[in-house]
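> starting from these lines, generate the structure:
(one chain, ligands or ions: 1)
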Amino acid sequence: MASHENNEPKEQKELIKQQVPPRCPRCASIMVRQTARQGENAGNQFWGCTRYPMCRGIRPIQPSESSDKTL
Ligand SMILES: [Zn+2]
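Sure thing, here's the model as predicted:
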């Protein structure tokens, strides 16, 4: 059996995944990326505490490279 070898150059998508999740401002737990399903920010992503709903600490995701809006 001949195994298929992928000699394609690796895409450097890891740069995006290397974003370190922040710590919860309330309980210092690791935060996970969440997507708001309702409310004014529906559809937007934010950092939510892994202890939710025990802890409702959230953080806004800071725009890195996609949107370059500077006030
Ligand atoms: Zn928390």
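> give me the neighbour count for residue 57.
19 (other Cβ atoms under 10 Å). No exception for glycine: its C-beta is placed from N, CA and C like everyone else's.
> repeat that for the one 5 residues further on.
Residue neighbour count, defined by other Cβ under 10 Å, stands at 8 for residue 62.
> that one and residue 46, how far apart?
From residue 62 over to residue 46 the distance is 10 Å, taken as Cβ to Cβ, to the nearest Å.
> now residue 30: closest residue in space that isn't a chain neighbour?
residue 21 (5.4 Å; Cβ to Cβ, 6 or more residues apart in numbering).
> which secondary structure element is home to the one you found?
Element membership for residue 21 (DSSP states H and E) is empty, with no helix or strand holding it.
> one more: the one 10 residues further on?
With the criterion set as DSSP H and E, the secondary-structure element containing residue 31 is strand 31-35.
> list the buried residues in that strand.
Going by neighbour count (16 or more other Cβ atoms under 10 Å), the buried part of strand 31-35 is residue 31.
> quick check: next helix or strand after it?
The first helix or strand that comes after strand 31-35 along the chain, using DSSP H and E, is strand 45-49.
> show me what that following strand is packed up against.
strand 31-35, strand 58-60 (3 or more Cβ pairs under 8 Å, 6 or more residues apart in numbering; DSSP states H and E).
> mean confidence for the last one?
Taken as a whole, strand 58-60 has a mean pLDDT of 94.
> next: the longest one.
Here the mean pLDDT over strand 31-35 is 94, rounded to a whole number.
> just the angle for that strand relative to strand 45-49, thanks.
140 degrees (axes from the mean of the first three to the mean of the last three Cα atoms, to 10 degrees).
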